[in-house]
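[1] this is the structure alone, sequence omitted:
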């Protein structure tokens, strides 16, 4: 069956749809505000007329290349193409400013390739056992997982804990605006019907990370590359990634693991990978945020591994791991394919063609990335006076395109101004975004767990997975909030 | 003596203005937002919906107040020392513009696009950005702005089927 799938994928038609899907995915990924959900949803109706295997190859290639595409603008312009590339900007963009855009692109394309390949192999081999494990994760574990992510706020903000915690709380407060996830009551909407749907995440993140960047570039003038040239190439980035196999494997496992858990998604994988890596390496040279290679490798490996991870529960049980996985389920239904434990057996050649399509698409974007890197990196030499209005126009369209509402553009502008001030006065933006992403996840599952346990909080420590997570959270909070470094320094001096 | 007093007075005034910078404005905005959310929770009926906004509202208020307090203490300490900071030489790179101009143009873009449509609005705003960035090759700027807005419109409206504003004037 697997061999049949390979034959179908490398047929002329198979390769054609693989390349077309990859190109569309790459373009959609590069454009801010348009992510894989948009891309797959947009192209879904076109796949109705295709045979099942071609439709799945096309969508699989589009999805993989789209997530990689987001890292190109993240590295070159500091603008995450998708919400799964936000932390890539933290170190990828400083590298471009140092005139090393080629290295940044080399790091991102290689780590994306390895992460993506790892995820696809897991999807093919581990779907039944991993899916069984995912079923054990209930609301209590979800809540603990969300709290684990939120406890990272304290760790991320080390050095300026007060402002970090404030940003985390503000992020959670922003996420509470709109219809309550628990009782369905209108909450903190100030009487506005627009706010009933909550503060939209896509325009908010475009404002925080893209528009604010345009303001900073406008103020700086000159060009992104401060040395006026792009000094080193993509192969250095490729080699540097391959020199760090442990980092890549660590975050490939993390990304796949996060992908398997329904409702968490690539943006969480991206953040978790960055935060964990920055904790493991305490004093790297250069530091994180100043062009550290690990700051690009970790998040890019995790988000591309997460792409396939998200599809595991979708194919195994019909439970989508995220919005894009839900669109894949719709594609399966359109072609009379049924998800299940033995999807890759019962799905026939179409199912194995999807696996091969996703596998080959990783190499496709690697080729695009390596060949195009020198060309893409020239963007950093373009004068900011030309780049800034283009970025502002892209931000406008990106925010507007998600729902066609001018109010979304206003939200984007407000977050853009806030992002600029946060950048100027060193407020950790990651804490704000973590609060916005994980707030609703924590709240929903907290209430669900209490309903299941008849109001007893014991549920959070009585289950093994949640008990372990609880222990880790306590350690993280103690580590993040107490001045251990000062304590140990004093001990050493004594 | 009089001159020295005047200098100290001027320095104090200068540092007082310096206190009200973007940082303090941002912290005050965070505090106001937290207070407003907290007040909003009093209108909720469902107990389970109140918990998170109220809990984190209180936390945010306390954290914002602490941050403002710490900033004030640091400011007062520095003001008493009356250190005259030598302002670093600000070297403006080619094409640099003030943040205020950039933000104003972004807001103007938002308004004019609603009025005159995406294509025309984008052309005008790109030209305005180029003008304020002291880019004086008008013909090149005009061609660039027309091509950019048409590419964006074609890509989003025609290919990706995203409805862009057509304007209410035309």
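    Nice, thanks for sending it over. In this text the structure is predicted, and so the values were computed from the model without any measurement.

[2] could you measure from the residue of the stretch 101-250 of chain A found nearest chain B over to residue B:132?
    Relative to chain B, the nearest point of the stretch 101-250 of chain A is residue A:221 (2.9 Å; Cβ to the nearest Cβ). The way it works is simple: take the backbone N, C-alpha and C, and place the C-beta from them, glycine included. Plainly put, residue A:221 is 11 Å away from residue B:132 if you go by Cβ to Cβ, to the nearest Å.

[3] between those two, which contacts overlap?
    Taking Cβ atoms under 8 Å, 6 or more residues apart in numbering or on different chains as the criterion, residue A:221 and residue B:132 both touch residue B:97.

[4] can you tell me the centre-most residue of the chain?
    Here I'm looking at chain A. The geometric centre of chain A, computed from its C-alpha atoms, lies nearest to residue A:84 (Cα atoms, centre = their mean), at 2.0 Å.

[5] meant chain B, my bad for not saying
    Chain B has residue B:103 as the residue nearest its centroid, 6.4 Å off, counting by Cα atoms, centre = their mean.

[6] re the thing from before, now do the contacts for the nearest residue to the residue nearest to the centre of chain A once chain neighbours are set aside.
    Leaving out its chain neighbours, the residue that sits closest to residue A:84 by Cβ to Cβ, 6 or more residues apart in numbering or on different chains is residue A:266, at 3.4 Å. By Cβ under 8 Å, 6+ apart, the contact set of residue A:266 is A:67, A:82, A:83, A:84, A:255, A:259, A:303, A:306, A:307, A:310, A:322.

[7] my read: the fifth one touches residue A:304, true?
    If I follow you right, that is residue A:255. Yes - contact status for residue A:255 versus residue A:304: in contact at 6.9 Å, counting by Cβ atoms under 8 Å.

[8] give the intersection of the neighbour lists for these two.
    Common neighbours of residue A:255 and residue A:304 (Cβ under 8 Å, 6+ apart) are A:115, A:119.

[9] looking at chain B, which residue is nearest chain A?
    For chain B, Cβ to the nearest Cβ, closest residue to chain A: residue B:96, 2.9 Å.

[10] name the element that residue belongs to?
    Under the criterion of DSSP states H and E, residue B:96 resides outside all helices and strands.

[11] look up phi and psi at the closest residue to it other than its chain neighbours.
    Nearest residue to residue B:96, sequence neighbours excluded (Cβ to Cβ, 6+ apart): residue A:221, at 2.9 Å. Note on residue A:221: backbone dihedrals following degrees, to the nearest 10 are phi 70, psi -170.

[12] could you report the pLDDT at residue A:221?
    pLDDT for residue A:221: 78.

[13] residue B:25 against residue A:424, yeah?
    No - contact criterion Cβ under 8 Å: residue B:25 and residue A:424 do not qualify, at 11.1 Å.

[14] please name the residues that touch the spatially closest residue to residue B:70 that is not a sequence neighbour.
    With Cβ to Cβ, 6+ apart as the criterion, residue B:70 has its nearest non-adjacent residue at 7.1 Å, and that residue is residue A:162. Going by Cβ under 8 Å, 6+ apart, residue A:162 touches B:63, B:66, B:67, B:70.

[15] what residues does the host helix or strand of residue A:7 touch?
    For residue A:7, the host element (DSSP H and E) is helix A:2-9. By Cβ under 8 Å, 6+ apart, the surrounding residues in contact with helix A:2-9 are A:14-15, A:18, A:53, A:57, A:348-357, A:360.

[16] redo that, cut-off 7 Å
    Applying Cβ atoms under 7 Å, 6 or more residues apart in numbering or on different chains, the contact partners of helix A:2-9 are A:14, A:18, A:53, A:57, A:349, A:352, A:353, A:355, A:356, A:357, A:360.

[17] surely the residue nearest to the centre of chain A touches residue A:67?
    Yes - Residue A:84 is within contact range of residue A:67, at 5.7 Å (criterion: Cβ atoms under 7 Å).

[18] shared neighbours of these two, anything?
    A:266, A:303.

[19] which of residue B:25 and residue A:424 has more neighbours?
    Counting neighbours by other Cβ atoms under 10 Å in any protein chain shown for residue B:25 and for residue A:424 shows that residue A:424 has the greater number, 17 against 12.

[20] ok, back up a step: dump the contacts of helix A:2-9 to JSON lines, plus pLDDT, secondary structure and neighbour count.
    Shown next, in JSON lines, are those (pLDDT from 0 to 100; DSSP: H, G, I helix; E, B strand; the rest coil; neighbours: other Cβ atoms under 10 Å in any protein chain shown):
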{"residue": "A:14", "pLDDT": "89", "secondary structure": "helix", "neighbour count": "22"}
{"residue": "A:18", "pLDDT": "92", "secondary structure": "helix", "neighbour count": "27"}
{"residue": "A:53", "pLDDT": "87", "secondary structure": "helix", "neighbour count": "27"}
{"residue": "A:57", "pLDDT": "91", "secondary structure": "helix", "neighbour count": "34"}
{"residue": "A:349", "pLDDT": "78", "secondary structure": "helix", "neighbour count": "20"}
{"residue": "A:352", "pLDDT": "83", "secondary structure": "helix", "neighbour count": "24"}
{"residue": "A:353", "pLDDT": "87", "secondary structure": "helix", "neighbour count": "31"}
{"residue": "A:355", "pLDDT": "86", "secondary structure": "helix", "neighbour count": "27"}
{"residue": "A:356", "pLDDT": "89", "secondary structure": "helix", "neighbour count": "27"}
{"residue": "A:357", "pLDDT": "89", "secondary structure": "helix", "neighbour count": "33"}
{"residue": "A:360", "pLDDT": "91", "secondary structure": "helix", "neighbour count": "22"}
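
[21] of those, just say which sits nearest to residue A:471.
    Taking Cβ to Cβ as the measure, residue A:355 is the one of those closest to residue A:471, at 37.0 Å.

[22] report the distance from the host helix or strand of residue A:15 to the chain centre.
    With secondary structure defined by DSSP H and E, residue A:15 is part of helix A:12-30. Offset of helix A:12-30 from its chain centre (Cα atoms, centre = their mean, to the nearest Å): 20 Å.

[23] helices and strands around it, which ones?
    Contact analysis of helix A:12-30 by 3 or more Cβ pairs under 7 Å, 6 or more residues apart in numbering or on different chains; DSSP states H and E lists helix A:36-47, helix A:52-77, helix A:348-377 as its packing neighbours.

[24] next, the angle from that helix to helix A:2-9.
    80 degrees (axes from the mean of the first three to the mean of the last three Cα atoms, to 10 degrees).

[25] ok, back up a step: just give me the closest of the contacts of residue A:162 to residue A:437.
    Among the contacts of residue A:162, and counting by Cβ to Cβ, the member closest to residue A:437 is residue B:63, at 19.6 Å.

[26] my read: the closest one touches residue A:169, true?
    Yes - here residue B:63 lies in contact with residue A:169, judged by Cβ under 7 Å, at a distance of 6.2 Å.
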